[in-house]
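Asks: The sequence and its predicted three-dimensional model are supplied below.
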Amino acid sequence: MAQIVLDKASVELAIYNSRGRALKSEILRRTVGGGLQDDRDRSVQVVRALSEVSFEACDGDRIGLIGGNGAGKTTLLRVLSRVYPPTSGHARITGRISSLIDLSMGMDNDATGYDNIEMRGIMLGLDRKQAQALIPDIEDFSELGEFLSLPIRTYSSGMMLRLAFAVSTAVHPDILILDEVIGVGDAAFAEKAERRLHSMIEKASIMFLASHDNNTIRRFCNRTLWMKGGRLAMDGTPDEVLSAYAADLAT
Amino acid sequence: MWWMLAKNDVVRRYRRSRLGQLWLTLSMAVMIFGMGAVYSSLFGSSLADYMPHLGTGLVLWGLISSAINESCSSFTENESIIRQISLPRFTYLMRTLARNLLVFVHNLVILPVVYLVTGSPVDWCILLFFPGLLLVLANLAWIGYLLAILSARFRDIPQIVQSIVQVAFFVSPVVFKPSQLRVDHPVLILNPFASMLNVMSAPLLGQMPSLISYLFLLVLLVFGWLLSLAFAGKFSHRVVYWL
């Protein structure tokens, strides 16, 4: 079953400017030495985006993530989706992950809707047959009909979102990672999308949801983590954490 | 998976043109016949003698050079996928290599035409082409892996590599024939590209590749992979932070 253990996981991001990205200046720096180095030249800056975060999550956890911008929510989500290996500490994550941070990941504008469904399925680890088996469900849900055999560059942004959403939610993962609950399309479709998202959340073993909306957190989550300056400030029930967060914001 | 992605890459590139994938073949054919006409008179050799050599060389060089150049961007062009899901890093490199192999197969179609027109002899040696190709691909894979990681960190690597490949083209026996140089000329012995060309092109032209080329590529393969794996072990998990 799905399980997540983070033990003092930290992530340090090196931010390079164009100079730090060039081999030429790296060679100069190493060979010529510090003498030429200008103090104002900060070609590499290190940002500690996540700092010694430890927690465990197991089956049934619906975890909300709150915190201001730049508090490390997205970085934490990336660690959880196994994209960022912690630069120190450990992260042990077992189970199939699906993250809905960027819905249109890997979509190819010149390929048809059907091709894109297949490609995405394959990227999610299905084989060709399994990927093709997703098609009826997506056809039915996205209501795009014959548009699916057109290249997706001809789609309106609403249609594109429908397709991306339908594809991203067609596979049920053990661990589901969401960055804000996504609203898609017109009123009728939005309602349908929400129902689909609910069933996906229900079927997932562990769910993470980063959100700025307290009601969303209260509605979907049974546990909440509060991130502050890259650290885990508080871990508890949504009500406890949200009120502590509100109190902190007020001061 | 990488095979699917690569196939899609090739199809996509030419989806909106009427001739589709034929463009790949056509442009290569034009180049071979154009350069063949000019250089054969320049070198004072007969067209029937020179054309098969040049054609084979250009098609094979196309595979080697574009595989090396494009593997630099294996990770950077897949940034959006790498930042969202975790797949083995090598998958992305395989995508690049498979894509180039597909383009290569398209170009390969020209060669029988060239051989037929010029009456170049073809015999059982041609079967040696396949182990040769495999050996070259395995070498290109480690070179590409190394370059892909380096290019993620240092964004000027692709340009540097491009100029090196450009230079390599002129010192490798593509346009000129090896027989136009002394056999022990360092350009033929020390240049890995010369060996790569040799193990693939000699069989196609009805000759035996030289044993030295095979040995050289095998040694390169072993040491190259050791280097590449050691390097990847140290840095590949950091690639995502560099993107």
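Replies: Perfect, thanks for sending it. Residues are numbered from 1 along each chain as shown, chains lettered A, B, ... in the order given.

Asks: Following the chain onward from the host helix or strand of residue B:234, which element is next?
Replies: For residue B:234, the host element (DSSP states H and E) is helix B:211-235. Downstream of helix B:211-235, the first helix or strand assigned by DSSP H and E is helix B:239-242.

Asks: Quick one: residues in contact with that next one.
Replies: Outside helix B:239-242, the residues that touch it by Cβ atoms under 8 Å, 6 or more residues apart in numbering or on different chains are A:13-14, A:16, A:83-85, A:87, B:75, B:82-83, B:89, B:149, B:152-153. Where you see a C-beta, it was placed from the backbone N, CA and C, and this is true even at glycine.

Asks: Inside strands: which ones of those?
Replies: Per DSSP state E, strands hold the following members of those: A:13-14, A:16.

Asks: Which secondary structure state does residue B:104 sit in?
Replies: Per DSSP: H, G, I helix; E, B strand; the rest coil, the local secondary structure of residue B:104 is helix.

Asks: can you tell me the helix or strand for the closest residue to it other than its chain neighbours?
Replies: Among residues not flanking residue B:104 along the chain, residue B:63 sits closest, at 4.2 Å (Cβ to Cβ, 6 or more residues apart in numbering or on different chains). Here residue B:63, judged by DSSP H and E, is contained in helix B:47-71.

Asks: can you give me the helices in chain B?
Replies: Remark: helices of chain B, listed N- to C-terminal, are B:2-13, B:22-43, B:47-71, B:79-82, B:90-108, B:110-118, B:129-153, B:157-171, B:186-189, B:192-204, B:211-235, B:239-242; assignment by DSSP state H.

Asks: The residue of chain B most remote from its centre and chain A: what is the separation?
Replies: The centre of chain B is farthest from one residue, residue B:84, which by Cα atoms, centre = their mean lies 30.7 Å away. Distance, residue B:84 to chain A, by Cβ to the nearest Cβ, to the nearest Å: 5 Å.

Asks: That residue and residue A:102: what is the separation?
Replies: 6 Å (Cβ to Cβ, to the nearest Å).

Asks: And residue B:65, by the same measure?
Replies: From residue B:65 over to residue A:102 (counting by Cβ to Cβ), the distance is 33 Å.

Asks: Those two: which has the busier surroundings?
Replies: Of the pair residue B:65 and residue A:102, residue B:65 is the one with more neighbours under other Cβ atoms under 10 Å in any protein chain shown, namely 20 against 15.

Asks: Tell me the spatial nearest neighbour of that one, not counting adjacent residues.
Replies: With sequence-adjacent residues excluded and distances taken as Cβ to Cβ, 6+ apart, residue B:65 is closest to residue B:165, at 4.9 Å.

Asks: from what I can see the one you found touches residue B:69, true?
Replies: Yes: the criterion here is Cβ atoms under 8 Å, and residue B:165 meets it with residue B:69 at 6.0 Å.

Asks: Phi, psi for the residue farthest from the centre of chain B please.
Replies: Geometry field for residue B:84 lists phi and psi as phi -110, psi -40, criterion degrees, to the nearest 10.

Asks: Now do the same contact list for it.
Replies: Shown in contact with residue B:84 (Cβ under 8 Å, 6+ apart): A:81, A:83, A:99, A:101-102, A:105-106.

Asks: Report whether stretch A:191-210 contacts chain B.
Replies: No: using Cβ under 8 Å from any Cβ of the partner chain, no contact is recorded between stretch A:191-210 and chain B, whose separation bottoms out at 14.3 Å.

Asks: In the stretch 151-251 of chain A, which residue sits nearest chain B?
Replies: Relative to chain B, the nearest point of the stretch 151-251 of chain A is residue A:151 (7.7 Å; Cβ to the nearest Cβ).

Asks: What's the local residue count around that residue?
Replies: The burial count assigned to residue A:151 is 18, neighbours taken as other Cβ under 10 Å.

Asks: what's the answer for residue A:174, then?
Replies: Residue A:174 has 18 neighbours, counted by other Cβ under 10 Å.

Asks: Also the one 3 residues further on?
Replies: Applying other Cβ under 10 Å, we find 25 other residues in the vicinity of residue A:177.

Asks: Averaged pLDDT, the helix or strand containing it. What do you get?
Replies: Using DSSP H and E, residue A:177 sits in strand A:175-179. Predicted confidence along strand A:175-179 averages 86 (mean pLDDT).

Asks: Can you tell me which residues in the stretch 151-251 of chain A are near chain B?
Replies: Listed as neighbours of chain B in the stretch 151-251 of chain A under the rule Cβ under 8 Å from any Cβ: residue A:151.

Asks: could you pull out the strands for the stretch 151-251 of chain A?
Replies: A:175-179, A:206-210, A:223-228, A:231-236 (DSSP state E, counting those that start in this stretch).

Asks: Adding distance to residue B:121, write those strands out as a markdown table.
Replies: Shown next, in a markdown table, are the strands of the stretch 151-251 of chain A (distance: least, Cβ to Cβ, whole Å):
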| stretch | distance to residue B:121 |
| --- | --- |
| strand A:175-179 | 62 |
| strand A:206-210 | 66 |
| strand A:223-228 | 72 |
| strand A:231-236 | 73 |
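
Asks: Compare those and give me the one nearest residue B:178.
Replies: For these, proximity to residue B:178 was assessed by Cβ to Cβ; strand A:175-179 is nearest, at 57.0 Å.

Asks: circling back to that earlier point, next, the contact list for the residue of the stretch 151-251 of chain A closest to chain B, please.
Replies: Residues in contact with residue A:151 (Cβ under 8 Å, 6+ apart) are A:109-112, B:15.

Asks: Quick one: buried ones out of those residues?
Replies: For the contacts of residue A:151, burial is judged from neighbour counts taken by 16 or more other Cβ atoms under 10 Å in any protein chain shown, and it is met by A:110-112.
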